[in-house]
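Enquirer: what follows is a predicted structure for the sequence shown.
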Amino acid sequence: MACGLEAGGGALPGAAPLGHPGGDSATVPPLRSSTHTGTFAAAPPPRDAPPPRDGELPERRAPGLWGRARRALPFALAVALVAFVLGRLDFDAFRAALARVDAPLFGAFAALFILALLGADTFATVLVYRRLIAPVAFRDFFVLRGASYLPSLLNHHVGQAFITVFLARAHAVPLARAAGATLVVYASWLGCLLLLGAVAVPANGGPLAGSALLLGAGVLYLALLALRPARLARTKLLAPLFEAGVRGHLIALAARMPHLLVLFAGTWLPFWFFGVRIPLGAALTYIPILMVVVTLPLTPQGFGTRDVLAAALLEGFAAGVTREERLAAIAATTTTWAVALTLVEAALGLVLLRGVLPHMEAKVPTAAARAGAAPTGAQREPA
């Protein structure tokens, strides 16, 4: 699903830093742990530090007034959209919709969904990073991905950036290369959505041309990978895409399918708790739209955007005699589900970020020693 970032760092056990295929390994500043926040930050570089090399990102300056206003904009938009949705509601109908739900069962479903989503996401993502960055263990990435849920509360892509920076520093690879590997992860996710849309369009009576257009976009992308334009393939950010190639992307796509199914179920089934019964055929059309919009960098956790879009798309499936009752059932679903997910992700992310990641960071010297003892031939050869 779609920025600012609080970057974390640390080493994953059992993985030694790998050299960048296109050149020398990046020099990574030592990591230090903050006893106040439990997060990790790079030690400040010397004042006479040289400019960043090709493929690395320059140090970011403190944001100015416009930068702070731009960061506050998603929160303001979320408040405005939620206020718009709630302003149209009959609050008696809204309270009635909330009262009909078994709260413990709903909370247990939210917790089970997050754990299943974390496992499926880890399974699909770790395969990409193992191929392109380092031999990351499933357990270690499970912890890292869970810890990223905390910055993901701002936006899904902030969490992805957290993971990217963490892996780049932990495994001593250029940030541009780590970001390129993350692009492969994004490509697998977008490929799943294209396939889902290609199936959903004819399933709901749409033209086959719509499916052909979606599939054609995917085929064009794979053709570009197969052609390997030299200028693009040599770019440090895009090089991992071409290294993965068509076969690597198809493998990543297949591995991403369980994650897609879990996320689809977790977006669709909560509506049933509130009497909004969406048939599978219609769900294949509308639920992917919600899945994508929630990840866009518009509002934190999709607050507001989820509510407005669900009301526009799904009102016809809600129980209720009046329009106010139907809108109340949908708003009760979206707001309650967003709050439940936020609470579960915040608790899980905080536990992993403060309780587990510091122990992973402590293993950095051991991993670095192993890397230093390894023969030069063990480093990955340039592509």
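Expert: Good, I have the coordinates.
Enquirer: so what would you say the end-to-end distance of stretch 294-304 is?
Expert: 9 Å (Cα to Cα, to the nearest Å).
Enquirer: Met291: how many residues sit nearby?
Expert: 22 (other Cβ atoms under 10 Å). To be clear about C-beta, it is placed using only N, CA and C from the backbone, and glycine gets the same treatment.
Enquirer: low-confidence stretches in the stretch 101-250 of the chain?
Expert: 204 (pLDDT under 70).
Enquirer: elements contacting the strand or helix carrying Leu314?
Expert: Assignment of secondary structure by DSSP states H and E places Leu314 within helix 305-314. When contacts are defined as 3 or more Cβ pairs under 8 Å, 6 or more residues apart in numbering; DSSP states H and E, helix 305-314 packs onto helix 65-87, helix 280-295, helix 323-355.
Enquirer: closest to Phe113 out of these?
Expert: Evaluated over the helices and strands packed on helix 305-314, closeness to Phe113 peaks at helix 323-355, with 7.9 Å, by Cβ to Cβ.
Enquirer: what are the ranges of the strands in the stretch 151-300 of the chain?
Expert: Secondary structure of the stretch 151-300 of the chain (DSSP state E, counting those that start in this stretch): no strands located.
Enquirer: farthest residue from the center of this structure?
Expert: For the chain, the residue at maximal distance from the C-alpha centroid (Cα atoms, centre = their mean) is Val321, at 38.5 Å.
Enquirer: for it, what are phi and psi?
Expert: phi -80, psi -40 (degrees, to the nearest 10).
Enquirer: again, but for Ala318
Expert: According to degrees, to the nearest 10, Ala318 has phi -90, psi 150.
Enquirer: how about the contacts made by it?
Expert: Ala318 sits next to Phe274, Gly275, Val276, Glu325, Arg326, Leu327, Ala329, Ile330 when contact means Cβ atoms under 8 Å, 6 or more residues apart in numbering.
Enquirer: on that earlier part again, and the residue farthest from the centre of the chain, how far is that from Ala99?
Expert: Note on Val321: its distance to Ala99, by Cβ to Cβ, to the nearest Å, is 17 Å.
Enquirer: how about Gly355?
Expert: 37 Å.
Enquirer: more neighbours: these two, which one.
Expert: With neighbours defined as other Cβ under 10 Å, Gly355 and Ala99 compare such that Gly355 has more, 12 against 9.
Enquirer: distance of the more buried one from Ala347?
Expert: When distance is defined by Cβ to Cβ, Gly355 is 12 Å away from Ala347.
Enquirer: now Ala332
Expert: From Ala332 to Ala347 the distance is 23 Å (Cβ to Cβ).
Enquirer: these two - which one has more neighbours?
Expert: Ala332 (26 against 14).
Enquirer: chain neighbours aside, what residue packs nearest to the more buried one?
Expert: Leaving aside its sequence neighbours, Ala332 sits nearest to Ala97 (Cβ to Cβ, 6 or more residues apart in numbering; 3.9 Å).
Enquirer: quick one: contacts for the one you found?
Expert: When contacts are counted by Cβ under 8 Å, 6+ apart, Ala97 touches Phe274, Gly275, Glu325, Ala328, Ala329, Ala331, Ala332.
Enquirer: what about the closest residue to the fourth one other than its chain neighbours, distance to Gly355?
Expert: If you skip the residues right next to it in sequence, Ala328 has Ala93 as its closest partner in space, 3.7 Å away by Cβ to Cβ, 6+ apart. Ala93 sits at a distance of 42 Å from Gly355 (criterion: Cβ to Cβ).
Enquirer: which one of the contacts of Ala97 is nearest to Leu81?
Expert: Closest to Leu81, out of all of those and judged by Cβ to Cβ, is Ala331, at 11.5 Å.
Enquirer: sorry, back to before: which one of the helices and strands packed on helix 305-314 lies closest to Leu117?
Expert: Among those, helix 323-355 comes nearest to Leu117, with 9.6 Å by Cβ to Cβ.
Enquirer: quick check: mean pLDDT across the closest one?
Expert: Helix 323-355 shows an average pLDDT of 90 in the prediction.
Enquirer: for the residue nearest to Ala328, give me the backbone phi and psi.
Expert: phi -70, psi -40.
Enquirer: residue contacts, it?
Expert: By Cβ under 8 Å, 6+ apart, the contact list for Ala93 reads Gly320, Thr322, Glu324, Glu325, Ala328, Ala329.
Enquirer: count the residues that sit near the closest residue to Val85 other than its chain neighbours.
Expert: Nearest residue to Val85, sequence neighbours excluded (Cβ to Cβ, 6+ apart): Asp307, at 4.4 Å. Residues near Asp307, counting by other Cβ under 10 Å, number 24.
Enquirer: what's the neighbour count on Leu112?
Expert: Residues near Leu112, counting by other Cβ under 10 Å: 12.
Enquirer: any idea how far Leu341 is from it?
Expert: Leu112 is 12 Å from Leu341, by Cβ to Cβ.
Enquirer: got it, and Pro288?
Expert: From Pro288 to Leu341 the distance is 18 Å (Cβ to Cβ).
Enquirer: Leu73 too?
Expert: From Leu73 to Leu341 the distance is 22 Å (Cβ to Cβ).
Enquirer: higher neighbour count, the two?
Expert: Neighbours per residue, other Cβ under 10 Å: of Leu73 and Leu341, the larger number sits with Leu341, 22 against 12.
Enquirer: with adjacent residues omitted, what lies nearest to the more buried one?
Expert: Per Cβ to Cβ, 6+ apart, closest to Leu341 is Ala110, 6.0 Å.
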